[in-house]
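Trainee: Return a 3D structure for these sequence lines:
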Amino acid sequence: IDLARHELFSMANCELGAEGEVIKRKGSAKLNSSELVTNKTVTGCGKQRFSASSSETFAFCATKFYSDIDGTPTDRTGSVTITEDDDKTWVSFDAGGTMLSCNGNGNDPMLKWASASGNLAAADVDSRFTSAGVGAWFDNRAWFGDVNTGEDRVWRSSNTDIGSWGA
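Mentor: Reported below is the predicted structural model:
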C-alpha cells in the first residue's frame, strides 16, 4: 500500500526497511507489574543463561538482588553488600555460564552468580582490585576495567579459570 508523506503515524515493534517494507521486531513485554522494592530504583536487570537448560531473569534494586522477576521474585542477595546508589548501574555479563557484575561504586565488589538456585557471591579477583566500572566476556576471558586501583587499568582472567587474574 502506498502511503503519503506523514501518513504512517503509529507503529509498534516495527521498522521500515530500505524498500519501504514493514519489518516486525521482537519488541518487549512487561515482566513484572509490581515494584520489587517500594519507591526504589532498579539499577540493573536482565536474563542469565547458566546452561542449555537453565536460565533466569534477575534485577538489582536498592540493596537487593532478585531472581525470577518474571514470576515470584526471590531475594538472592546472600551475604554480599550492595550499596543503594541510583547513579551506579550494574553491568552484568555471562562468563561461560556464570554471571559476573560490577557497578563502579567503590563500596561494592564485583559479584558472581553461578546458578539459578544460588545466591550472589563476591567474585574472586585475587585482591588485585576491589571494584570495577566496566566488565565484559571476550576471548574466553572475563575482563574488568576502570578499577579502583586506576581508571586506566584493565584486568583479565585466565582463559581456563575466571578466579585467576592477570594484568
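
Trainee: shouldn't Leu16 be in contact with Lys24?
Mentor: No: in this structure, Leu16 is not within contact of Lys24 by Cβ atoms under 8 Å, at 11.5 Å. In this view, the C-beta of every residue, glycine as well, is placed from N, C-alpha and C.

Trainee: next helix or strand past the longest strand seen in the chain?
Mentor: Scanning the chain for the strand with the most residues, using DSSP state E, yields strand 42-51. Per DSSP states H and E, strand 42-51 leads on to strand 54-61 as the next helix or strand towards the C-terminus.

Trainee: Counting by contacts, list what the helix or strand of the chain with the lowest mean pLDDT packs against.
Mentor: With mean pLDDT, DSSP states H and E as the measure, the helix or strand of the chain carrying the lowest mean pLDDT is strand 14-16 (a mean of 80). Strand 14-16 makes packing contacts with strand 22-24 when contacts are defined by 3 or more Cβ pairs under 8 Å, 6 or more residues apart in numbering; DSSP states H and E.

Trainee: contacts for the strand it packs on?
Mentor: Residues from elsewhere that reach strand 22-24, judged by Cβ atoms under 8 Å, 6 or more residues apart in numbering: 11, 13-17.

Trainee: ok, so of these, who is nearest Ser101?
Mentor: Compare each of those with Ser101 using Cβ to Cβ and the shortest gap goes to Asn13, at 28.8 Å.

Trainee: Pretty sure that closest one sits against Ala29.
Mentor: No: under the criterion of Cβ under 8 Å, Asn13 is not in contact with Ala29, lying 10.0 Å apart.

Trainee: who's more crowded, those two?
Mentor: Between Asn13 and Ala29, counted using other Cβ atoms under 10 Å, the more crowded position is Asn13 (11 against 7).
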